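Q: What follows is a predicted protein model with its sequence.
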Amino acid sequence: MSGAAWAFMEDVIAKNPGEPEFHQAVQEIVESLMPVLERHPEYRKAKILERIIEPERVIMFRVPWVDDRGEVQVNRGMRVEYNSAIGPYKGGLRFHPSVNLGIIKFLGFEQVFKNALTTLPMGGGKGGSDFDPKGKSDNEVMSFCQSFMSELFHHICGNCDVPAGDIGVGGREIGFLFGQYKKLTRQFEGVLTGKGLNWGGSLIRPEATGYGAVYFAEEMLKTRGESFAGKRCVVSGSGNVAQFATEKVLDLGGKPITFSDSSGFIVDEDGIDRDKLAFVMHLKNVKRGRIKEYTDKYPKATYQAADPKVDHNALWAVKCEVALPSATQNEININDANTLVKNGCYCVSEGANMPTTPDGVNVFLENKVLYGPGKAANAGGVAVSGLEMSQNSMRLSWSREEVDQKLHSIMVNIHENCRATAEEYGTPGNYVNGANIAGFLKVANAMMDQGVV
Ligand code: NDP
Ligand code: 2IT
């Protein structure tokens, strides 16, 4: 890192103590942007970088609720309204015990650039809670969601801030949150995306992130005259993104062989076909079970429990050509990246947000791996959220084919924009720089137009 970038980061770390994921996300952007700031003294003068890393607003609140035993529980809720230069704040809500302000800030920060890449008019934001939906009854999840929305509704609306799902927040949670918003405001509006199909949701929204990550990988593979046909694909996670990434890999003739959750992972050397995927979808979405149960149904597959004591994730030692990390941040470290490369993996498309550590990213770049960073590769989810907002405003809904075709062309565009921008700034093939610079330029120019606000 250059001296100027170091000095900048020292200030960021001092001002935002105890937020390592946020520092990590900012540092990557700062490194990518140094050549841009050199070319554009007007951004330096207007302190665009200093302003863009500062959230416009942070809201933190108490979420009290009563569990099934009649006991009072207290969680913490938050919403980081990061940047509204190009549209209303837009980004998901994460419900997971690990949630803290630093994690929500890193996610909100990444969202600003990601949303700009979609070409749709959406600013960036993120929210969530340390609430753990795992093991809770539907009634407890509803009580929590209602209490969470009883505060959040003061801050969101269809034209100002539009949350959606993320880890631990899917169709069930969005339903409870929407119901409470409507009760409190008497407004039936597009204030959340990922809604049910018969009350304002968009076709293809559940599929969009996973499909989009695979469309992005397909574009990267095409630059080397390759396709998914016959490729062994290692997928992490077994939630929304992992499931639909797997579905699209099958559509394109690839061979998905793994799923994971926080307890461990399964490997199915015969390949995960559509019937097996349907089993996983039912297991995870309806039964809310664990991925280990896959081996009860398909005994030829193997299960390995996660080992938090080791400095690698054994999932990434499964031999593959394509890796689709789709669980959580920092799930691929430098050891995992080296193992993937050593075993012949040459395409990594990130369904998750920031799943690779910075030294892991360097391994991919040094080894000329086709590496699609999350803020480009997983932008399909928020892009279809943007399309859901458009349909809500027009009070109509598009067909499955129409939305999928728009998603596909958005992902092709994002890929081309990242590719061309990386080349323009002297780092051909580096999609990290391409995504960071292209996303930044759009937001920075809007901020320049709008004055010091
Ligand atoms: P889900 O809650 O549907 O699934 C999350 C999956 O990841 C589960 O299998 C979960 O396992 C696993 N997981 C979560 N936390 C950890 C952890 N700390 N260690 C190991 N495994 C973990 O979430 P999504 O599929 O929606 O999200 C997955 C990733 O994709 C996240 O990084 C999210 O930010 C990103 N993303 C999601 C988008 C969306 O539209 N949903 C859009 C863009 C990005 P377990 O059940 O054990 O917790
Ligand atoms: O990280 C993400 O892009 C999401 N969780 C989806 C956000 C959205 O508003 O659809």
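A: In hand now; what should we look at? Ligands and ions are numbered 1, 2, ... in the order given.
Q: Could you use CA atoms for every contact and neighbour count after this?
A: Will do.
Q: Val162 contacts Leu192, doesn't it?
A: Yes: contact criterion CA atoms under 8 Å: Val162 and Leu192 qualify, at 5.2 Å.
Q: What residues does the protein have near ligand 2?
A: Residues of the chain found near ligand 2 (CA under 6 Å from any ligand atom) are 90-92, 163-166, 379, 381-382, 385.
Q: Can you pick out the most distant pair from these?
A: Spatially, the most separated pair among the residues of the chain next to ligand 2 is Pro163 and Ala379, at 14.9 Å (CA to CA).
Q: Now do the contacts for the residue of the stretch 51-200 of the chain found nearest ligand 1.
A: Scanning the stretch 51-200 of the chain for the residue nearest ligand 1 gives Ile167, at 3.4 Å (criterion: CA to the nearest ligand atom). Applying CA atoms under 8 Å, 6 or more residues apart in numbering to Ile167 gives the contacts 93-96.
Q: Mind doing that once more with 10 Å?
A: 92-96, 128, 239-241, 327-328, 352 (CA atoms under 10 Å, 6 or more residues apart in numbering).
Q: any chance of those in TSV, plus secondary structure, neighbour count and pLDDT?
A: Putting the contacts of Ile167 into TSV (DSSP: H, G, I helix; E, B strand; the rest coil; neighbours: other CA atoms under 10 Å; pLDDT from 0 to 100) gives the following:
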residue	secondary structure	neighbour count	pLDDT
Gly92	strand	28	98
Leu93	strand	25	99
Arg94	strand	27	99
Phe95	strand	23	98
His96	coil	18	98
Gly128	strand	28	98
Gly239	coil	22	98
Asn240	helix	24	98
Val241	helix	29	98
Ala327	coil	25	98
Thr328	coil	19	98
Ala352	coil	29	98
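Q: Now tabulate those residues in a markdown table and tack on distance to Met411.
A: Below are those laid out as a markdown table (distance: CA to CA, whole Å):
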| residue | distance to Met411 |
| --- | --- |
| Gly92 | 19 |
| Leu93 | 23 |
| Arg94 | 24 |
| Phe95 | 27 |
| His96 | 28 |
| Gly128 | 27 |
| Gly239 | 21 |
| Asn240 | 18 |
| Val241 | 15 |
| Ala327 | 20 |
| Thr328 | 21 |
| Ala352 | 16 |
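Q: Quick check: which of these are also close to ligand 1?
A: Contacts with ligand 1 within these, as defined by CA under 6 Å from any ligand atom: 239-241, 327-328, 352.
Q: out of these, what pair is the most spread apart?
A: Asn240 and Thr328 (12.1 Å).
Q: so how many other residues sit close to the nearest residue to Gly196 once chain neighbours are set aside?
A: For Gly196, ignoring the flanking residues on the chain, the nearest one in space by CA to CA, 6 or more residues apart in numbering is Gly171 at 6.7 Å. Gly171: 18 surrounding residues under other CA atoms under 10 Å.
Q: now Gly171: how far from Met354?
A: Using CA to CA, to the nearest Å, one gets 24 Å for the distance from Gly171 to Met354.
Q: ditto for Gly179
A: Gly179 is 32 Å from Met354, by CA to CA.
Q: Please identify which of those two sits among more neighbours.
A: Met354 (25 against 16).
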